[in-house]
Every structure is written in C-alpha cells, then in structure tokens.
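1. Here is a sequence with its predicted model. Questions after.
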Amino acid sequence: MREGRIIKEIGKTVNEQLISNLNSCGGGLTLYNDRIVFASSNSLNLYVVDVDEFNIKEVEIPDIDFNELKVIEDAENLINSNQRKAIEMSLGSAVVTGLFQVGSDLIILGEVGEITISNSALNSKNRKSFIWKLDKEFNVIGKYYYELDPSISCKLISSGDDLLTRIIQKQGEEEIDYFVEEIQFTKISEID
C-alpha cells in the first residue's frame with residue numbers, strides 16, 4: 001500500500017462506532033497470517049482482508065457477554081448536543097480495545113459490562129476487561145476476564161512471539177508513573 005492511496009473502501013462509520021469510539025483505545029487492526037484483520041470498537045465482527053486481492057470477509061464472533069451498543073439517533077448530533085448522554089451510552093456497552101497476533105493465535109482485548117457516572121465519578125465495579133484467544137479459523141478457543149483498573153488511563157500494547165507487553169500510565173499520589181507489563185495468557189480458560 002502506498003501512503004494516501006485508497007485501495008478499496010470497506011465501509012462507512014456507523015452511529016454505534018462514533019459513540020463507542022468515545023472510549024479510549026477502541027477497535028483493533030493487525031496483520032494475521034498474511035491477512036489484515038480489523039475489528040471496530042462496537043462489535044465482535046472481524047473483517048478479514050486478503051492482501052493480494054483485497055477480498056473482504058466478515059466473521060461474526062457471537063457472545064452473550066458482549067452487549068453491542070444500539071444507537072437510533074444521529075451520533076454526531078447527540079455528541080454535540082448531549083455529551084453526557086453520549087458518554088454514558090459509550091460506557092454502558094462493550095468495547096473492543098485491541099487485536100493482536102500472538103504466536104499462531106489471534107487475541108482480542110476488550111471490556112464488557114458497564115461503567116456508571118454518579119456525581120461526576122466513574123463506578124466501574126460492573127465492568128470487566130477481557131482477553132479472548134481465537135484460532136486460525138476464528139473460533140474462540142480461550143477466554144479470560146479480569147477486573148478493570150480505571151486508574152490505567154493509557155494503554156500502549158505491542159505483540160511479539162508468544163506474548164503481549166504494554167506500557168501503562170497510572171496516576172500516583174503526586175505524579176504519573178509508567179510501567180511495562182507482560183500480559184500473561186496462562187489464565188485463559190480453554191474452551192472445549
């Protein structure tokens with residue numbers, strides 16, 4: 001691909017994506033076994049692009065825990081006229097926050113459940129982060145849920161070989177601290 005050259009249009013932004021993208025780190029894009037795989041922030045549907053012919057295949061990953069956002073009104077008008085409602089909608093739905101190849105598997109990172117706002121404070125006790133592992137045929141072969149840490153405001157993640165690493169930024173008592181973490185996959189429950 002050349003910079004600035006549009007190869008093929010693969011879709012338009014929908015209202016749900018605009019609202020869901022109010023969450024930081026929404027969506028994912030990775031090269032996976034010589035194909036480009038894209039996930040929008042608001043859905044578990046994966047878009048797989050054959051880089052030789054630019055054929056696009058949509059793969060649905062059904063899951064009852066992933067409550068997709070439904071937006072009936074125009075998202076741009078909603079964001080401009082009622083920002084609080086738009087933010088509450090984005091925090092009340094699941095979101096994909098990353099897509100990575102790790103070894104021979106595809107990893108989807110995200111959040112499920114809801115965050116509520118009360119007196120301008122965020123309550124994330126009903127929201128969990130997740131790591132899902134998919135095989136080459138895009139079947140979910142493992143899932144891991146863990147407590148969402150709302151103090152992590154910036155998530156920069158990289159994949160390599162058989163692991164993911166991330167730089168996280170946490171607000172300390174007097175300053176912002178940065179940490180490098182290795183994301184472990186040993187806790188992912190294999191699905192039969």
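-> It's in.

2. could you pull out the strands for the protein?
-> Assigned strands in the chain, in chain order: 28-32, 35-39, 46-50, 56-59, 95-102, 105-118, 121-134, 140-147, 152-160, 163-171, 176-183, 189-190 (criterion: DSSP state E).

3. what's the angle from the first one to strand 105-118?
-> Okay, so that is strand 28-32. Taking axes from the mean of the first three to the mean of the last three C-alpha atoms, to 10 degrees, one finds strand 28-32 and strand 105-118 inclined to each other by 170 degrees.

4. ditto for the second one
-> Angle of strand 35-39 versus strand 105-118, following the same axes, to 10 degrees, is 20 degrees.

5. which stretch among the strands of the chain comes nearest I19?
-> strand 95-102 (10.2 Å; C-beta to C-beta). Just so you know, the C-beta spots here come from the backbone N, C-alpha and C atoms, and that holds for glycine as well.

6. quick one: strands adjacent to that closest one?
-> Paired neighbours of strand 95-102 in the sheet (DSSP bridges): strand 105-118 (antiparallel).

7. For the strand it pairs with, what is the distance to the chain centroid?
-> Strand 105-118 sits 7 Å away from the centroid of its parent chain (C-alpha atoms, centre = their mean, to the nearest Å).

8. Could you do stretch 88-95 as well?
-> Per C-alpha atoms, centre = their mean, the displacement of stretch 88-95 from the mean C-alpha position of its chain is 12 Å.

9. How about residues contacting that stretch?
-> Residues outside stretch 88-95 that contact it (C-beta atoms under 8 Å, 6 or more residues apart in numbering) are 19-23, 26, 41-42, 65-69, 71, 78, 110-117, 122.
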